[in-house]
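sharing a model prediction with you, sequence too.
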Amino acid sequence: MSTRTASTGEEPPIERLEDLVAPMQAGEKPPAAWRIGTEHEKLVYKRSDHHAPSYEEEGGIRDILLQLREFGWEPVEENGHVIAMSGADGTVSLEPAGQLELSGAPLENLHQTCAETGRHLDQVKAIGEKFGVGFLGLGMWPDKTRAELPVMPKGRYAIMMRHMPRVGSLGLDMMLRTCTIQVNLDYSSEADMAKKFRTGLALQPLATALFANSPFTEGRPNGFLSYRSHIWSDTDPQRTGMLPFVFEEGFGYERYVEYMLDVPMYFVFREGRYIDAAGQSFRDFMKGQLPALPGELPTASDWTDHLSTAFPEVRMKSFLEMRGADGGPWNRICALPAFWVGLLYNDSALDGAWDLVRHWTMEEREALRDAVPKLALDAPIPGGGTLRDIAGEVLRIARAGLVARGRLNEGGDNEAGFLQPLEEIVATGKVPAQRLLDKFHGEWGGDISRVYGEKSF
């Protein structure tokens, strides 16, 4: 989730629809300037007993963050608490229960992306050796109850945690127990954005299936392959889902703005602190009628904050965020941006990917999204067959898109090799969660603690 710092000066109020569209328009870039921003979260645990460390304890989350200064990172504070570290590779921040996230820098190619991931993992593993801490690459805590997890001292999280139970039964699980990988990508125009948004949204269930990696809850199989994805189905219906309007003729920036104006607010950030505005309306804010700040008008920073509080399967800010994947190991952190860059950063690949799914109805898209958390690649697709039946073709399109980009490393290799973990999943028909379940029922003998030895970074 976003890390906000205090404003350095006065911002003018925004009052017009054009002001709300402006950040999306400002995101337009020529293809030569398109970048790749990768974000990934890790579960943090103490090796001695596998407990999730608190913020304050010795060798806990605060100490882990501050130790990153050894590698050139600088602290970001909120109300006297270090809540993130900023550096050349982006931002390292803490999620609600201490999940550690790297929000990577915008990079030109996937070789740089995977190198960035490697540097980050090397750094946190070195810190882990110092503090007796490990980092687990899964989509969800496999054994922890909500009550066993700490809560980080970040103002927006307190507001969200109060509000979540009012609107869904699984929102606190989303905040406290899950981990994800996502990639942020650019667009050249409103039309290019719309095409990428539609294609990304339609194929998000395939990404969820390929990365499904959360089959356990509180030490036992939970009946799902991606329980993390299932959690979003009962988190908050007003800010999640497949966004049917994206597939309607004429979809563009203004339509997304209208959607965001209908998403209830969480908070307003003023003078270094978060003010609870949960459930209130940004439309009212635009009229100076926000109950939390009567008489005040929003600024561009308020709008930026609000854009970060919707959680659909694809999200727009001044770029597009692909949000469907469970957390996982290093090679899958590299594979997710490879999947989406291959499909969306080459015109022929984008056309080919959209052609595979453009004829699906909205009801069929919704049904597929609902089926994938339990069935992954075995989920039925419109017209017959299963998701695995088109997965190979989608990966071939992505591979061709990466080859066409021609971004080579020093050894002369293109970016297509980063797709190999996904191609192996499709070839075997077994997603990561199914392999975990095989181990749990087989060699682990039902002992969930074995996951720490096998799935840590």
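Here it is on my side, so go on.

the one helix or strand residue 228 maps to - contacts with which helices or strands?
With secondary structure defined by DSSP states H and E, residue 228 is part of helix 227-231. Packing partners of helix 227-231 (3 or more C-beta pairs under 8 Å, 6 or more residues apart in numbering; DSSP states H and E): helix 171-177, strand 320-326, helix 362-375. C-beta: built from backbone N, CA, C; applies to glycine.

highest average neighbour count across those?
When neighbours are counted by mean count of other C-beta atoms under 10 Å, the highest per-stretch mean among these falls to strand 320-326, a mean of 26.

tell me which other helices or strands it touches.
Of the remaining helices and strands, those touching strand 320-326 by 3+ C-beta pairs under 8 Å, 6+ apart are strand 180-185, helix 190-210, helix 227-231, strand 314-316, helix 330-344.

residue 154: which of the ones you listed is closest?
Ranking the helices and strands packed on strand 320-326 by their distance to residue 154 (criterion: C-beta to C-beta) puts strand 180-185 first, at 17.6 Å.

and the closest one, how far from the chain's centre?
Here the centre of strand 180-185 is set off from its chain's centre by 5 Å, with C-alpha atoms, centre = their mean, to the nearest Å.

can you offset everything so residue one is 168?
Okay, residue one is now 168; in that scheme the one you just asked about reads as strand 347-352.

report the angle between that strand and helix 357-377.
Relative orientation of strand 347-352 versus helix 357-377 (axes from the mean of the first three to the mean of the last three C-alpha atoms, to 10 degrees): 160 degrees.

and the angle from strand 347-352 to strand 487-493?
160 degrees.

residues making contact with strand 347-352?
Among residues not part of strand 347-352, those counted as contacts by C-beta atoms under 8 Å, 6 or more residues apart in numbering are 201, 203-208, 273, 306, 363, 378, 395, 486-490, 492-495, 499-500, 503-504, 507-508, 511-512.

could you dump the helix holding residue 395 to CSV, C-alpha only?
Output in CSV follows, covering the C-alpha atoms of helix 394-398 (Å, rounded to 0.1, in the frame of the first residue of the first chain):
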residue,chain,number,x,y,z
TYR,A,394,-7.2,-18.1,-0.9
ARG,A,395,-5.7,-14.7,-1.2
SER,A,396,-7.7,-14.1,-4.4
HIS,A,397,-10.8,-15.5,-2.7
ILE,A,398,-10.4,-13.0,0.1
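
what about the longest strand anywhere in the chain, distance to the chain center?
Longest strand in the chain, counting residues (DSSP state E): strand 203-213. Using C-alpha atoms, centre = their mean, the mean C-alpha position of strand 203-213 is found 10 Å from that of the whole chain.

same check on stretch 180-188?
27 Å.

in it, what counts as buried?
Along stretch 180-188, these residues count as buried under the neighbour rule (16 or more other C-beta atoms under 10 Å): 181, 186-188.

report the separation between residue 421 and residue 369.
When distances are taken as C-beta to C-beta, to the nearest Å, residue 421 and residue 369 turn out to be 22 Å apart.

tell me the contacts of residue 300?
Under the criterion of C-beta under 8 Å, 6+ apart, the contact list for residue 300 reads 211-214, 220, 226, 231, 294.

mind giving me TSV with those and columns for distance to residue 535 and neighbour count?
Formatted as TSV, the entries for these read as follows, by distance: C-beta to C-beta, whole Å; neighbours: other C-beta atoms under 10 Å:
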residue	distance to residue 535	neighbour count
211	33	24
212	34	23
213	40	17
214	40	14
220	38	21
226	44	16
231	39	24
294	41	21
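
format the residues you listed as a markdown table; extra columns: pLDDT.
Converted to a markdown table, the contacts of residue 300 look like this (pLDDT from 0 to 100):
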| residue | pLDDT |
| --- | --- |
| 211 | 98 |
| 212 | 98 |
| 213 | 98 |
| 214 | 98 |
| 220 | 98 |
| 226 | 97 |
| 231 | 98 |
| 294 | 98 |
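
and the residue in the chain sticking out farthest from the centre, what pLDDT?
For the chain, the largest distance from the centre (C-alpha atoms, centre = their mean) belongs to residue 462, which lies 34.8 Å off. Reported pLDDT at residue 462 in the predicted model: 96.
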